[in-house]
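> my questions are about this predicted structure, shown below with the sequence.
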Amino acid sequence: MVAIRIIPCLDVKDGKVVKGIHFDDLKIAGDPVENAYFYCKEGADELVFLDISATIEGRKTMVDVVKKVAEVIFIPFTVGGGISSLNDMDKILSNGADKISINTSAVRNYKLIKEGAERFGSQCIVVAIDAKKIKEGKWEVYIESGKTPTGLDVVEWAKKAEDLGAGEILLTSIDRDGTCDGYDIELTRMVSENVSIPVIASGGAGRVEHLYEAIVKGGASAVLLASLLHFRILTIPKIKEYLKNKGIAIRE
Amino acid sequence: MVGIIKYGVGNIYSVVTSVKYCGRDVVIVEKSEGNISKVKFLILPGVGNFKSGIDYLKKTGLFEELKEKIEKGVPFLGICLGLQLLFEWSEEGKEEGFGIFKGKVVKFKNKGIKVPHMGWNKLKIVRENLIFKNIFDNSYFYFAHSYYPVPEEDITFGITEYGNKFSSIVIKNNILGVQFHPEKSGINGLALLKNILEEKWWR
């Protein structure tokens, strides 16, 4: 059976990793290649780079980052942030990324999912959804880094994204993000039960048990982690050992 | 010189860098009657759609030229879609494939599994071959696909289980196909790719 994926997420601004791995020696902390290589060696199954540059100039440097990473990292990686056209997708993919993740631009322009999937294949297109709970069993899609409500229902939007050709859903709970209280299991389960494409759970992990819950109770195919790994509260070998002992298929 | 065919589907950058990593020179083959003549090994990579892949190869004349090269005995590696195109036909498109491998390509239809089959899965070796040197049985490789090959001849060397068992490595004469992505499968992938490029697995 396919192994559950452990995916570190690195924020990149103007070509440098911010909030990267907190080594004692901080000299390499900002280098995307060093960070990627470290997680790759530690056993990461995939990587996500989120470009949080605020300027066009800053975004341009992302292409160089992708290229450098692809030369040394032989595991799949996804790039998200600021991708809003087929041309943007092409630039990132043709320089070595395996997948692109779209969020705000997908909501604003549904066709982008469809056209992206037709041109590059569904396996390249990850639709990222930021979800905020509005009442019991109901979540709303937020865009623009979780600032703007859209009126869209999360489950409906996930289904629509799948119909349009998305290959994966990267699902983040805005309510849980940064809390360390655990993933929103109900949200994860609602989405994963309603789509047939893989769902990556994100937002809220604080302990290794939370990952187990997202997989077993939430039906997630993968878990995304940031601070918990960067601050070395958990390490990938420790996570994998725990999950393996619990009977979850992991890649050793 | 390893020729990597660029035919408008998916990115080939990782394939190029991983072949270079294995110490081989690479030439990108984009059209027929180009640099293909110097090539001693051919790789047909690819993620994407069966029909657009075949359409592109036919439009550029590469389809006939590749067929000719294969028939002449040039070692040939098909990766993912590149493997699927070597079969007779696929459920993904009405176009016919190369028909070098007898059989078809079908979609995952089992209930309770997520499609695409995306992530790391085990390769079970069912027949020994030089390409498996230094590779443990049941090692993990990276997959990203919704369709899988169903050979109708005895060419399977490795299988993988996802909902059902399917052929994930096939070899016939000088043609080798892998359904996973060796260029994205970490150390195992690079070791396998190195064997494929260096060992005399073809007959």
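Nice, I can see it.
> and stretch B:13-21, what's buried?
Residues B:13-19 are the ones in stretch B:13-21 that count as buried (16 or more other CB atoms under 10 Å in any protein chain shown). C-betas here are computed from N, CA, C, even on glycine.
> show me which of the residues you listed is closest to A:G182.
Among the buried residues of stretch B:13-21, B:S14 lies closest to A:G182 (CB to CB), at 34.8 Å.
> B:L77 touches B:V178, doesn't it?
Yes: if you go by CB atoms under 8 Å, B:L77 and B:V178 touch, sitting 7.3 Å apart.
> sorry, back to before: and which of the buried residues of stretch B:13-21 is nearest A:E209?
Among the buried residues of stretch B:13-21, and counting by CB to CB, the member closest to A:E209 is B:S14, at 35.0 Å.
> let me know the secondary structure of the closest residue to that closest one other than its chain neighbours.
Closest residue in space to B:S14, ignoring its immediate chain neighbours: B:E183 at 4.4 Å, by CB to CB, 6 or more residues apart in numbering or on different chains. Under DSSP: H, G, I helix; E, B strand; the rest coil, B:E183 falls in the helix class.
> tell me how many other residues crowd B:E183.
For B:E183, the count of nearby residues is 27 (other CB atoms under 10 Å in any protein chain shown).
> and the two most separated of the buried residues of stretch B:13-21?
B:Y13 and B:V19 (11.0 Å).
> so where's chain B shaky on pLDDT?
Where chain B drops to pLDDT under 70, the residues are B:9-10, B:203.
> from the chain's centroid, how far away is the longest helix anywhere in it?
Across chain B, the helix with the greatest residue count (assigned by DSSP state H) is helix B:186-198. On the basis of CA atoms, centre = their mean, to the nearest Å, helix B:186-198 sits 13 Å off its chain's mean C-alpha point.
> again, but for stretch A:228-244
Stretch A:228-244 sits 17 Å away from the centroid of its parent chain (CA atoms, centre = their mean).
> can you check stretch A:97-106 too?
The answer for stretch A:97-106 is 10 Å, by CA atoms, centre = their mean.
> near chain B, which residues of chain A? Just list them.
Selection of chain A residues close to chain B by CB under 8 Å from any CB of the partner chain yields A:1-5, A:40, A:45-46, A:67, A:70-71, A:74-76, A:93-98, A:118, A:120-124, A:167-168, A:196-199, A:221-222, A:251-252.
> which residues touch A:V126?
A:78, A:80, A:99-102, A:166-170, A:200 (CB atoms under 8 Å, 6 or more residues apart in numbering or on different chains).
> please name the nearest non-neighbouring residue to it.
Distances taken as CB to CB, 6+ apart place A:S101 nearest to A:V126, at 4.1 Å, with adjacent residues excluded.
> can you check A:G58 too?
A:D14 (4.1 Å).
> what is the neighbour count of A:D98?
27.
> what is the neighbour count of the residue lying closest to it once chain neighbours are set aside?
Spatial nearest neighbour of A:D98, excluding adjacent residues (CB to CB, 6+ apart): A:P76 at 4.2 Å. Residues near A:P76, counting by other CB under 10 Å, number 27.
> these two touch, right, A:P76 and B:F143?
No: assessed by CB under 8 Å, A:P76 is found out of contact with B:F143, at 10.2 Å.
> which neighbours do those two have in common?
Looking at what touches both A:P76 and B:F143 (by CB under 8 Å, 6+ apart), the common residues are B:H181.
> is the residue nearest to A:V126 bridged to anything, and to what?
A:G80, A:V126 (DSSP bridges).
> which of B:L77 and B:V178 has more neighbours?
B:V178 (28 against 25).
> so the more buried one versus A:I174, what's the distance?
40 Å (CB to CB, to the nearest Å).
> same check on B:V47?
Relative to A:I174, B:V47 is positioned 32 Å away (CB to CB).
> likewise for B:I54?
44 Å.
> so which of these two has more stuff around it?
Higher neighbour count among B:I54 and A:I174: B:I54, with 24 against 19, using other CB under 10 Å.
> so the more buried one makes contact with B:K94?
No: with contact defined as CB under 8 Å, B:I54 does not reach B:K94; the gap is 9.8 Å.
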